[in-house]
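Chemist: Return atomic coordinates for the entry below.
(chains A and B)
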Amino acid sequence: MLTDKMITLDNVWFSYEDEHYVLKNINLSISEGITVIKGPNGSGKTTLLKIASLLLKPKKGHVIVEGTSFWKASKSVREKLRKKVVYVHEKPYLFKGTVYDNIAYPLKIRGYDLSRVANVAKEFGVEKILNKNVNELSAGMRQLVALARAFVFRPKYVFLDEPLANLDDENKSRVIGIIEKYARKGTAIVAATHMNINFNKETISKIAFINNGVIVKVSKYR
Amino acid sequence: MEGLYQEVLAITLRTLWISSTATILAISWSIPLSLILTSFKNKISIFIQDFFNALISLPTVVLGLALYLTLSKSGPLGFLGLLYTPLAISIGQSILITPILVSMITSGFQKLRDEVWETAITLGASEFQASIALLREGTLLLIRAILAGFNRALGELGVALIVGGNIKGFTRVLTTTIALELTKGNFELAIYLGLILLTLSTTITIAIRSLGIRGAYR
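Modeler: Numbers count the residues shown, from 1 in each chain, chains lettered A, B, ... in the order given. As a prediction, the model looks like this:
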């Protein structure tokens, strides 16, 4: 059932620069809990995530955020809605500066209290490298910093592109645990992946299988 | 000899002053324009970018002629009385280097755009805040573009000669003095001035190169 507390993709089509459609007739609703988008490389997972996280405008169809058609809304409404959403790239970009600067960025943008940085850094196991320059970090550490930066402002919708890429087994378990914790607290989390992630079934909302830009199957768990 | 030394020093300082003013003028509109071109990915922005790319090879004498016709007494901006002033040279040079700045900054920003812009926006930045992030992350490429523009302004002759008039003690710069001394057969002074210009230009080129290397290993 559609509620106004979610993001819905309604008959979404997308193409890059007039090429053929890479997403075709996508209908998907994102609500509390974990939504897993599964599909092989090049199936359209990243594009789907970028559209749902309000970064890309679909060529056809609507992205409805909490009852508002996002791309038809005014700029101020769009900026307000965007503040509830975060997208983490598979190879995240970290701004010049230290780990602290990066995790604090979304808080500074919103004028929030910066004391949250320490807690989230501890949660993601990056508390000891807060003063390190991001150029000195390994790919795995960069991933953890990007995830900490995404969760620090407690977004309502989190879109993760291959969230376990670059992580070792210990950090994979840590990140899965954190994602499940936030999902239980009511955050809507969408994870696009080509591999199997062993999320606790009670935290999974649905699994959507995508291939060649088409959602071929949706398994609902709630 | 001391008089000559002082004149050369004055010409060098004037050259630096005029080209710096030109660069500052060009920066003032090139950076906002580049940000606009970077934020829009459509056919119009691509056309504008191609237009500026084509203007990079604009002959300085053609620009000088166009400016002369605009700034001369019978021209549309003749009432400003700018012809044969240092400001006229600065304006001409700023127009000359604008395509270089816009092309370099826009192409650099576009490479950064997807990563920086997208990251800033998704972390809650407004378009203005995302632009600030883009400028901050692109500092090195901005400096490189500015130095390249300044270097071009420093070495141009056509505009300085046509709209500056090569007036001694007023609009005479290194390039126009070299041209003048050559016609007078004063090769020694021309070579001396040429070496000063070459030193300035080489120093800037080395600075651009080292910034490029630093950027590559960031």
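
Chemist: check contacts around residue 200.
Modeler: Using chain A here. residue A:180 (CB atoms under 8 Å, 6 or more residues apart in numbering or on different chains). From N, CA and C alone the C-beta is placed, and that goes for glycine too.

Chemist: you looked at the wrong chain, it should be chain B
Modeler: Neighbours of residue B:200 in contact, by CB under 8 Å, 6+ apart: B:12, B:16, B:154.

Chemist: average pLDDT across stretch A:214-222?
Modeler: Summarised as a single mean, pLDDT over stretch A:214-222 is 87.

Chemist: So which bits of it are buried?
Modeler: residue A:215 (16 or more other CB atoms under 10 Å in any protein chain shown).

Chemist: rewinding a little: can you put the contacts of residue B:200 in TSV and add pLDDT?
Modeler: Shown next, in TSV, are the contacts of residue B:200 (pLDDT from 0 to 100):
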residue	pLDDT
B:12	95
B:16	95
B:154	95
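
Chemist: Dihedrals phi and psi, residue A:124?
Modeler: phi -90, psi 0 (degrees, to the nearest 10).

Chemist: Likewise for residue B:128?
Modeler: phi -70, psi -50.

Chemist: Alongside chain B, which residues does chain A contribute?
Modeler: A:53, A:55, A:79, A:82-83, A:85-87, A:89, A:92-93, A:95-96, A:105-106, A:109-110, A:135, A:149-150, A:153 (CB under 8 Å from any CB of the partner chain).

Chemist: what residues are up against the residue nearest to residue B:133 when sequence neighbours are not counted?
Modeler: Leaving aside its sequence neighbours, residue B:133 sits nearest to residue B:120 (CB to CB, 6 or more residues apart in numbering or on different chains; 4.2 Å). Going by CB under 8 Å, 6+ apart, residue B:120 touches B:129-130, B:133-134.

Chemist: how is chain A carved up into domains?
Modeler: Per automatic domain parsing, the structural domains of chain A span A:1-84+A:157-222, A:92-154.

Chemist: Worst mean pLDDT among those?
Modeler: Across these, the lowest-scoring stretch is domain A:1-84+A:157-222, with a mean of 91.

Chemist: before we move on, back to that, please identify which of the contacts of residue B:200 is nearest to residue A:209.
Modeler: residue B:154 (61.3 Å; CB to CB).

Chemist: and that closest one, how many neighbours?
Modeler: 23 (other CB atoms under 10 Å in any protein chain shown).

Chemist: So which bits of chain B are right by chain A?
Modeler: Going by CB under 8 Å from any CB, the residues of chain B near chain A are B:115-116, B:118-119, B:121-126, B:129, B:133, B:136-137, B:218.

Chemist: among those, who's most crowded?
Modeler: residue B:123 (29 neighbours).

Chemist: For residue B:77, grab the count of nearby residues.
Modeler: Count around residue B:77 with other CB under 10 Å applied: 15.

Chemist: my read is residue B:208 is in a strand, agree?
Modeler: No: counting by DSSP: H, G, I helix; E, B strand; the rest coil, residue B:208 falls outside a strand, being helix.

Chemist: OK, now which residue of chain A is nearest to chain B?
Modeler: residue A:93 (3.9 Å; CB to the nearest CB).

Chemist: residues in contact with that residue?
Modeler: Neighbours of residue A:93 in contact, by CB under 8 Å, 6+ apart: B:115-116, B:118-119.

Chemist: Redo the residues you listed as JSON lines? Include pLDDT, secondary structure and distance to residue A:202.
Modeler: JSON lines is the format used below for the contacts of residue A:93 (pLDDT from 0 to 100; DSSP: H, G, I helix; E, B strand; the rest coil; distance: CB to CB, whole Å):
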{"residue": "B:115", "pLDDT": "88", "secondary structure": "helix", "distance to residue A:202": "36"}
{"residue": "B:116", "pLDDT": "93", "secondary structure": "helix", "distance to residue A:202": "38"}
{"residue": "B:118", "pLDDT": "90", "secondary structure": "helix", "distance to residue A:202": "33"}
{"residue": "B:119", "pLDDT": "95", "secondary structure": "helix", "distance to residue A:202": "32"}
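
Chemist: Which of those residues sits closest to residue B:163?
Modeler: The closest of the contacts of residue A:93, once distances to residue B:163 are taken by CB to CB, is residue B:116, at 39.3 Å.

Chemist: Not counting sequence-adjacent ones, nearest residue to the closest one?
Modeler: Using CB to CB, 6+ apart, the nearest residue to residue B:116 is residue B:137, at 4.7 Å.

Chemist: Tell me the pLDDT of that neighbour.
Modeler: Reported pLDDT for residue B:137: 93.

Chemist: That one contacts residue B:113, correct?
Modeler: No: counting by CB atoms under 8 Å, residue B:137 stays clear of residue B:113, with 10.1 Å between them.

Chemist: residues of the helix or strand hosting residue B:149 that come out buried?
Modeler: Taking DSSP states H and E as the criterion, residue B:149 maps to helix B:139-155. Across helix B:139-155, burial judged by 16+ other CB under 10 Å covers B:140-142, B:144-155.

Chemist: just those residues now: which is nearest residue B:169?
Modeler: The closest of the buried residues of helix B:139-155 to residue B:169 turns out to be residue B:154 (CB to CB; 19.7 Å).
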